[in-house]
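1. this is the structure alone, sequence omitted:
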RNA sequence: GGAGACUUGUCCGAGUGGUUGAAGGAGCACGCCUGGAAAGUGUGUAUACCUGCAAGGGUAUCAAGGGUUCGAAUCCCUUAGUCUCCGCCA
């Protein structure tokens, strides 16, 4: 959520940013400014009237104490009429505050200056590439065929037991999941991230805090009996740990990592993009979250980028890094880098990580602040995947397939208990 | 799931209708004292919003929300959480 004062002080800049982000409902801005002015006026009026009532009430107390009942009764009458004036102002203020808030949460975050113009994924900017695309033998198989051949993942049983998009991992397939999760977590904790195992369901306030609600409500699984949401990413529980907290400056940066399954309804997805592991409803992911001093967030973003890049390099996967264009970025992000790995048998790039700086957009909603020199201000939040497993698994299987098996990268051998599937 | 007790500031804790945003203590910060430290001592120490150039002033907040009242931390209702006992259970 953008800060009203910022919008007021930087109207032109905000409008430019929204345009870059391909957000067209720009009339909201002037609406918000007008509503905030209205809010201030009403607040002032309300405070004044309340103040008068408070003064009178105190006087009544003193009169009662002195036994001057009649005077006290007269005052009571006066206060009663003042209260009549209070209520309409208070109601109006509530209405204005609600409209203001409703408008504010419709505004996406503003893009960083380095975000390229553009509306579609094709306009994302390739920052750099790394690794080598393998030359696969003739008749190389896609991961869904490899999964079947080596009995690693069973999609059909998943369909039967739960539904489409809920695969079973089996045998070495299951063990590979465990090995990857274990390795990723170790890699992150060695870099100073604190490991968490959070709940896999969150309440409404948390889903709202990180921005899943209200605009992505249909994308989450909702356990209505208890009004809990299955997390679409560990970012939600992790970031919400600090909701409504004021940190000390020396507690920053807060670096957290967690493995969780992620649940996504993916309503509206279809076709070949959803084949195999390309898009599933439940998948495993290890996530990184940082809460940092606002002056440091872009420095930290680059640091996280390098961190994820090193992780991918250690897996020997061909990858590329994209800087997302304004129109392809998420609602909450100010700057996002996507990592894609090359899936050699499918001959396409698969997104495996998204590293973003949200600046104060999330923390303004969640009121995550820090105090320095007596002043309280919002921290910046960042997150990134390290990594999402299914597409990593797809690429590992496809890119490393050989005549007699799949050869895993060296780094996984100790975690997997062997080098070959 | 049933019965009961409870939820106050960074922490402990007082407070059952009237200058209580909240006693007292601890912690923390700054100063004094000291060769230095400890002890002692003085001062300060919540958040949000409104107003003001500022100093300051005002409003709200004692789990959350609502209600009663001229006035609520204190009374009533709803919700959440904590603890104890019982039940159930990986």
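-> Noted; the coordinates are in hand. These figures come from a predicted structure and were not determined experimentally.
2. for the residue in the stretch 101-250 of chain A that RNA strand B sits nearest to, which residues make a bridge with it?
-> Using CB to the nearest atom of the strand, the closest approach of the stretch 101-250 of chain A to RNA strand B is made by residue A:246 at 5.9 Å. Every residue, glycine included, has its C-beta placed from N, CA and C. Taking DSSP bridges as the rule, residue A:246 bridges to residue A:369.
3. residues contacting it?
-> A:369-371, A:376 (CB atoms under 8 Å, 6 or more residues apart in numbering).
4. before we move on, what about residue A:420?
-> Per CB under 8 Å, 6+ apart, neighbours of residue A:420: A:405-408.
5. again, only this time at 10 Å
-> Residue A:420 makes contacts with A:172, A:400, A:402, A:404-408, A:413, as judged by CB atoms under 10 Å, 6 or more residues apart in numbering.
6. kindly report the same for residue A:79.
-> A:52-57, A:59-60, A:86.
7. how does it look with 6 Å?
-> Contacts for residue A:79 were tallied using CB atoms under 6 Å, 6 or more residues apart in numbering; they are A:53, A:56.
8. how far is the host helix or strand of it from where the chain is centred?
-> Residue A:79 belongs to helix A:69-104 when assigned by DSSP states H and E. Counting by CA atoms, centre = their mean, to the nearest Å, helix A:69-104 is centred 39 Å from the centre of its parent chain.
9. so residue A:333 touches residue A:357, yeah?
-> No: with contact defined as CB atoms under 6 Å, residue A:333 does not reach residue A:357; the gap is 7.0 Å.
10. how many neighbours does the residue of the stretch 51-200 of chain A found nearest RNA strand B have?
-> Across the stretch 51-200 of chain A, the shortest distance to RNA strand B (CB to the nearest atom of the strand) belongs to residue A:61, at 2.9 Å. Applying other CB atoms under 10 Å, we find 12 residues neighbouring residue A:61.
11. what helix or strand is it on?
-> helix A:27-66.
12. name the helices or strands packed onto that helix?
-> Applying 3 or more CB pairs under 6 Å, 6 or more residues apart in numbering; DSSP states H and E, one finds that helix A:27-66 contacts helix A:69-104.
13. paired strands for the helix or strand just after the helix it packs on, with orientation please.
-> Scanning forward in sequence from helix A:69-104 by DSSP H and E, the next helix or strand is strand A:125-130. Applying DSSP bridges, strand A:125-130 is found paired with strand A:319-323 (antiparallel).
14. gap between the first helix or strand past the strand it pairs with going along the chain and the chain center?
-> Proceeding N to C from strand A:319-323, the next assigned helix or strand is strand A:335-343, under DSSP H and E. Centroid separation for strand A:335-343 versus its chain: 17 Å, with CA atoms, centre = their mean.
15. show me what strand A:335-343 packs onto, helices and strands only.
-> Packed on strand A:335-343, when contacts are counted by 3+ CB pairs under 6 Å, 6+ apart, are strand A:319-323, strand A:348-359, helix A:389-399.
16. try it again at 10 Å.
-> Identification of packing neighbours for strand A:335-343 by 3 or more CB pairs under 10 Å, 6 or more residues apart in numbering; DSSP states H and E yields strand A:125-130, helix A:297-314, strand A:319-323, strand A:348-359, strand A:380-388, helix A:389-399.
17. can you list those in CSV and add distance to residue A:241?
-> Formatted as CSV, the helices and strands packed on strand A:335-343 follow (distance: least, CB to CB, whole Å):
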stretch, distance to residue A:241
strand A:125-130, 31
helix A:297-314, 18
strand A:319-323, 29
strand A:348-359, 16
strand A:380-388, 11
helix A:389-399, 23
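18. nearest to RNA strand B, of the ones you listed?
-> The nearest among the helices and strands packed on strand A:335-343, by CB to the nearest atom of the strand, is strand A:380-388 at 16.0 Å.
19. what's the angle between that closest one and helix A:297-314?
-> 10 degrees (axes from the mean of the first three to the mean of the last three CA atoms, to 10 degrees).
20. direction included, what does strand A:380-388 pair against?
-> strand A:282-292 (antiparallel), strand A:348-359 (antiparallel).
21. in TSV: those strands, plus mean neighbour count and mean pLDDT.
-> Shown next, in TSV, are the strands paired with strand A:380-388 (neighbours: other CB atoms under 10 Å; pLDDT from 0 to 100):
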stretch	mean neighbour count	mean pLDDT
strand A:282-292	24	96
strand A:348-359	22	95
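22. now distance to RNA strand B too, for these, in a markdown table please.
-> As requested, the strands paired with strand A:380-388 are exported to a markdown table (distance: least, CB to the nearest atom of the strand, whole Å):
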| stretch | distance to RNA strand B |
| --- | --- |
| strand A:282-292 | 16 |
| strand A:348-359 | 17 |
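23. show me which residues of the stretch 1-150 of chain A are close to RNA strand B?
-> Residues of the stretch 1-150 of chain A that fall close to RNA strand B, judged by CB under 7 Å from any atom of the strand: A:39-40, A:43-44, A:46-48, A:50-51, A:53-58, A:60-61, A:64, A:76, A:79-80, A:83.
24. give the contact list for the closest residue to residue A:175 other than its chain neighbours.
-> The shortest distance from residue A:175 to any non-neighbouring residue, by CB to CB, 6 or more residues apart in numbering, is to residue A:416 (6.4 Å). With contact set as CB under 10 Å, 6+ apart, residue A:416 has these partners: A:172, A:175-176, A:178-180, A:182-183, A:408-409.
25. list only buried entries from these.
-> A:172, A:175-176, A:179-180, A:182-183, A:408-409 (16 or more other CB atoms under 10 Å).
26. surely residue A:262 meets residue A:281?
-> Yes: applying CB atoms under 10 Å, one finds residue A:262 in contact with residue A:281, separated by 9.2 Å.
27. before we move on, the earlier item: next, the angle helix A:69-104 makes with the helix holding residue A:61.
-> Going by the same axes, to 10 degrees, helix A:27-66 makes 160 degrees with helix A:69-104.
28. quick check: domain ranges of chain A?
-> A:4-104, A:121-416 (automatic domain parsing).
29. okay, these in TSV with distance to residue A:112 next?
-> Formatted as TSV, the domains of chain A follow (distance: least, CB to CB, whole Å):
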stretch	distance to residue A:112
domain A:4-104	9
domain A:121-416	4
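30. most tightly packed of those?
-> domain A:121-416 (a mean of 18; mean count of other CB atoms under 10 Å).
31. isn't residue A:324 up against residue A:117?
-> No: with contact defined as CB under 10 Å, residue A:324 does not reach residue A:117; the gap is 11.5 Å.
32. where does residue A:14 land in three-state SS?
-> Recorded secondary structure, residue A:14: helix (DSSP: H, G, I helix; E, B strand; the rest coil).
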